[in-house]
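> based on what follows, work out the 3D shape:
(one chain, ligands or ions: 1)
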Amino acid sequence: MAPPPAKRKAPAWKGQHPHRNKVNATPSSTVSVAAMPRRPSLDGSTTNKEREMQAEASRRMFSTSADGQQAMPYSSLDKVLDPDLLRALDKMGFENMSPVQQKVLSELPSLSTDCLVQAKTGTGKTAAFLLPALQNLLHGKRPPKGKVGILVICPTRELASQIAKECDAITACLPKKMECHTAFGGTARASSLNKFLTGDPTVLVATPGRLDDLLGEERVRDKFSHLKTVVLDEADRMLDAGFAPAILKILKHLPPKSDGWQGMCFSATLPSGVHDVVKCVLFPGYVSLSTMDPNETPTVDRVPQFAITVPSSSQTFAALLALIRHEHSQDPTDFKAIVFGTTANGVGLLYDLYRQALPEFKVFELHSRMNQNSRTRTTNEFKDATSGILFASDVVGRGMDFPNVGLVIQLGLPSAADQYVHRVGRTARAGKDGRAVMILFSNEAFFVNANPALPIKPYPTDLVSKAPEYQRVIDSALTHVEEEAKAKAYQAFLGYNKTYLKKLRLDTKGLVQLANEYARAMGCPEPPLIEKRVVGKMGLKGVPGLRIGTRSNGD
Ligand SMILES: Nc1ncnc2c1ncn2[C@@H]1O[C@H](COP(=O)(O)OP(=O)(O)OP(=O)(O)O)[C@@H](O)[C@H]1O
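Predicted coordinates for the structure are as follows:
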């Protein structure tokens, strides 16, 4: 039986913090770095080469901290963080703190203070919330075995898995393994619940839907009786109209805030109203930290951003093909790109189409119409890929860390400017460079002028005039795409754009005409059939141009 781990020294940070006076709230500046290595594997183990590459990236990625001074090495926190956490960070190649990590670890009155933290995409917020929470667990009153000490809630399944892997890497050197469990939809409820109930889930990373479902059981609620920290990652998204009801229900099932658990809210975008909604998680008097100047562009400084406007939706496919070919010709080495579409079925169509139109590229698809196993497999494959094109919906629009993505393309209107920022944040991560291009058709072009804070410029090369030569490739590729896939994309196009009629300056008749143009662009000889009940649900009953009926192999 190994001797019990030596009693851990109380952290020096309870006294004067060695760095507190050196860091203030001026915006960070970061420099581009060499390619980021493959991420540490699940247990945090990395080969020496990978570790050195990450360390090199760390040295250069955050060569200036949030206040323009030299970034602090983690080795300087030997009196702040547990030595086993520091050892794991060293193995992961986290040699210097990122600006947000430095702020959180050196500016909070204590590591158990409630905080609202804003930092640009790809700058290490995950470790910035895991480290204080884990330090408190290791050096505070540890919850009894089997009880949850840290609860992290995030918007998507893939992000929950990613945060759990980072937690496993950071705790990999602890003398006693710290279990980090996940709870999200699409996975077998019974088996993951059984593991959770019989295991020692010191950390749980969950999406709201599944967590809310599980908390309906008394035996699950009992596991949270000694909760120490609750983190909302992508906090503005977690507290928006979509997720807030589930978050409030979850909080009702947890011990009351008066029990003293720490709340932490993190995001790259924090709209002004966020201060009203974080009250459900943060104590009054919580500390706000930001590595961004209020007037700074919300996207990562180094990312040149462009927009291409095509006359109508029928030129979108050819314009996208021209753009990918042009961007690849400018930087053919390790060409790794993400193309965001607006709906799952629209993304599925893009994947089917460009697999044919771009046979020399490895293409991937990720969206909510796929089963979880396929989503997980594709996520891991694209994380490890050195090149390829991922066609994705917003299921990976926030938080997801795909190393070395050099280009993000967005087709169609993002749901909001903040979503645009998060999508762009899938490139230029960890200090690396990146580029971002939007392809909009004329009705959507208002987005650029409506968001002057976004540094979006016209794309420097005229691709629209080249579209006809690419249209031939698209037309040929479309002959290999199933009619049902086109019909689903057509229906999704109607449903998505119906919510933006006012912004698109369209009436329902104009919307159907636009959708029918899109159908022609997909090579449909006539608009696909759409069921009467679907037309009714969309509020398009009686609008001319629709073909009402049941498709032979439709849903
Ligand atoms: N101190 C560090 N040294 C080296 N690499 C780091 C450091 N901190 C984070 N990284 C790496 O930087 C990348 C981005 O980290 P992370 O995903 O936590 O960013 P984020 O700020 O949460 O991004 P987003 O806003 O998109 O959620 C990851 O690959 C992570 O491993």
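> please make it C-alpha for all contacts and neighbour counts, starting now.
OK.
> tally of neighbours for L204?
22 (other CA atoms under 10 Å).
> state the distance from it to the ligand.
Distance of L204 to the ligand, given as CA to the nearest ligand atom, to the nearest Å: 17 Å.
> and V152, by the same measure?
Separation of V152 from the ligand (CA to the nearest ligand atom): 13 Å.
> secondary structure of that residue: a strand, I assume?
Yes - checked against DSSP: H, G, I helix; E, B strand; the rest coil, V152 lies within a strand.
> pretty sure it contacts T202?
No - in this structure, V152 is not within contact of T202 by CA atoms under 8 Å, at 11.3 Å.
> burial count for the residue of the stretch 151-300 of the chain found nearest the ligand?
In the stretch 151-300 of the chain, the residue that lies nearest the ligand is A268 (5.1 Å; CA to the nearest ligand atom). If you count neighbours by other CA under 10 Å, A268 ends up with 28.
> in stretch 431-442, which residues are buried?
Buried residues in stretch 431-442, counted by 16 or more other CA atoms under 10 Å: 431-441.
> near the ligand, which residues of the stretch 51-200 of the chain?
Taking CA under 6 Å from any ligand atom, the part of the stretch 51-200 of the chain that reaches the ligand is made up of 54, 58, 93-98, 120-127.
> and with 5 Å instead?
The stretch 51-200 of the chain comes close to the ligand at residues 58, 94, 97-98, 121-126, as judged by CA under 5 Å from any ligand atom.
> now the two most distant members of these.
The most widely separated members of these, counting by CA to CA, are F94 and T121 (17.3 Å).
> so between these two, which is more surrounded?
Set F94 next to T121 and count neighbours by other CA under 10 Å: T121 wins out with 27 against 24.
> so what's the residue count around the spatially closest residue to that one that is not a sequence neighbour?
Nearest non-adjacent residue to T121, counting by CA to CA, 6 or more residues apart in numbering: G425, 5.0 Å away. G425: 29 surrounding residues under other CA under 10 Å.
> which residues of the stretch 1-150 of the chain score low on pLDDT?
Under the criterion pLDDT under 70, the flagged ranges of the stretch 1-150 of the chain are 1-47, 53, 56-68.
> how close does the residue nearest to T121 get to N497?
In this view, G425 and N497 are 24 Å apart by CA to CA, to the nearest Å.
> over to L89?
Per CA to CA, L89 is found 45 Å from N497.
> ok, these two, which is more surrounded?
Comparing L89 with N497 by neighbour count (other CA under 10 Å), the higher total belongs to L89, at 25 against 21.
> checking that one next. Helix, strand or coil?
Under three-state DSSP, L89 falls in the helix class.
> what confidence value was assigned to the residue lying closest to Q419 once chain neighbours are set aside?
Excluding the flanking residues, the one nearest Q419 by CA to CA, 6+ apart is G397, at 7.2 Å. On pLDDT, G397 comes in at 96.
> give me the neighbour count for G397.
Other residues within reach of G397, judged by other CA under 10 Å, total 19.
> ok so, going back, shouldn't the residue of the stretch 151-300 of the chain closest to the ligand be in contact with K120?
Yes - with contact defined as CA under 8 Å, A268 counts as touching K120 (4.8 Å).
> joint contacts of those two?
Contact criterion CA atoms under 8 Å, 6 or more residues apart in numbering; residues shared by A268 and K120: P298.
> what helix or strand is L289 located in?
Per DSSP states H and E: L289 is located in strand 287-290.
> pull up the pairing partners for the helix or strand just after that strand, direction included.
Sequence-wise, the next helix or strand downstream of strand 287-290 (DSSP H and E) is strand 305-310. Paired with strand 305-310 in the same sheet, following DSSP bridges, are strand 435-441 (parallel), strand 456-458 (parallel).
> residue contacts, G273?
So G273 contacts nothing (CA under 8 Å, 6+ apart).
> could you look up the SS state of the residue of the stretch 251-400 of the chain found nearest the ligand?
Distances between the stretch 251-400 of the chain and the ligand by CA to the nearest ligand atom are smallest at G399, namely 3.2 Å. On the three-state scheme (three-state DSSP), G399 is labelled coil.
> can I get stretch 493-503 in PDB, CA atoms only?
Taking Å, rounded to 0.1, in the frame of the first residue of the first chain, the C-alpha atoms of stretch 493-503 are listed here in PDB:
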ATOM      1  CA  PHE A 493     -32.800  26.800 -46.100                       C
ATOM      2  CA  LEU A 494     -36.400  27.900 -45.900                       C
ATOM      3  CA  GLY A 495     -36.700  27.300 -42.200                       C
ATOM      4  CA  TYR A 496     -33.400  29.100 -41.300                       C
ATOM      5  CA  ASN A 497     -33.900  32.200 -43.500                       C
ATOM      6  CA  LYS A 498     -37.600  32.500 -42.500                       C
ATOM      7  CA  THR A 499     -36.300  33.700 -39.100                       C
ATOM      8  CA  TYR A 500     -34.400  36.600 -40.800                       C
ATOM      9  CA  LEU A 501     -37.000  37.900 -43.200                       C
ATOM     10  CA  LYS A 502     -36.800  41.400 -41.800                       C
ATOM     11  CA  LYS A 503     -33.000  41.600 -41.900                       C
END
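> hmm, who's touching it?
Here stretch 493-503 makes contact (CA under 8 Å, 6+ apart) with 342-343, 346, 444, 446, 507-508, 511-512, 515, 538.
> mark which of these are buried, thanks.
Listed as buried from these are 342-343, 346, 444, 508, 511-512, 515; burial here means 16+ other CA under 10 Å.
> turn those into a markdown table, columns for distance to P73, secondary structure and pLDDT.
Listed next are these as a markdown table, based on distance: CA to CA, whole Å; DSSP: H, G, I helix; E, B strand; the rest coil; pLDDT from 0 to 100:
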| residue | distance to P73 | secondary structure | pLDDT |
| --- | --- | --- | --- |
| T342 | 41 | coil | 95 |
| T343 | 43 | coil | 97 |
| G346 | 45 | helix | 97 |
| E444 | 46 | helix | 92 |
| T508 | 58 | helix | 97 |
| L511 | 55 | helix | 96 |
| V512 | 58 | helix | 97 |
| A515 | 54 | helix | 96 |
